[in-house]
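>>> how would this look folded up:
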Amino acid sequence: MSIYVGNLSYEVTQEDLDGVFAEYGTVKRVQLPTDRETGRPRGFGFVEMEKEEDETAAIEALDGAEWMGREIKVNKAKPREDRRSGGGNRRGGNSRGGRY
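Numbering: from 1, shown residues only. So this is what the prediction gives:
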């Protein structure tokens, strides 16, 4: 299971998240996605802990808490949806695929 952590400060580091969640148990992995174009953090992350009961305790304690000047959102991460499914025009612009 993975924990979603949202509304993070853009200054937060993986070490910061690891430190906060380590208070509730052993942290296995921390991910902080970055924007592909700018390389800046996207304001959310994911934390995996060794035991599910530790994850539950962290979620209950940290959801809605103020951290680094923001009220963070902490909950169980939902499985990632396949963005490629579902048809539609992938070219953008006009539907005939011609030049603009």
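>>> Which parts of this protein are helices?
Using DSSP state H, the helices found in the chain span residues 14-22, 52-62.
>>> starting at the chain centroid, how far to the first one?
On the basis of CA atoms, centre = their mean, to the nearest Å, helix 14-22 sits 14 Å off its chain's mean C-alpha point.
>>> Tell me the spacing between residue 62 and residue 8.
Residue 62 is 11 Å from residue 8, where distance means CB to CB, to the nearest Å. In this view, the C-beta of every residue, glycine as well, is placed from N, C-alpha and C.
>>> Identify the contacts common to those two.
residue 72 (CB atoms under 8 Å, 6 or more residues apart in numbering).
>>> measure the spatially most central residue of the chain to residue 26 for me?
The residue lying closest to the centre of the chain (CA atoms, centre = their mean) is residue 45, at 2.9 Å. To residue 26, residue 45 is 17 Å away according to CB to CB.
>>> With residue 49 instead?
6 Å.
>>> Please apply the same query to residue 20.
If you go by CB to CB, the gap between residue 20 and residue 26 works out to 14 Å.
>>> Neighbour count: those two, which is higher?
Between residue 20 and residue 26, counted using other CB atoms under 10 Å, residue 20 has the larger neighbour count: 22 against 10.
>>> State the distance from that one to residue 35.
Taking CB to CB, one finds residue 20 at 23 Å from residue 35.
>>> For the residue nearest to the centre of the chain, give the beta-bridge partners.
residue 5 (DSSP bridges).
>>> Does it touch residue 31 like I think?
Yes: between residue 45 and residue 31 there is a contact under CB atoms under 8 Å: 5.9 Å.
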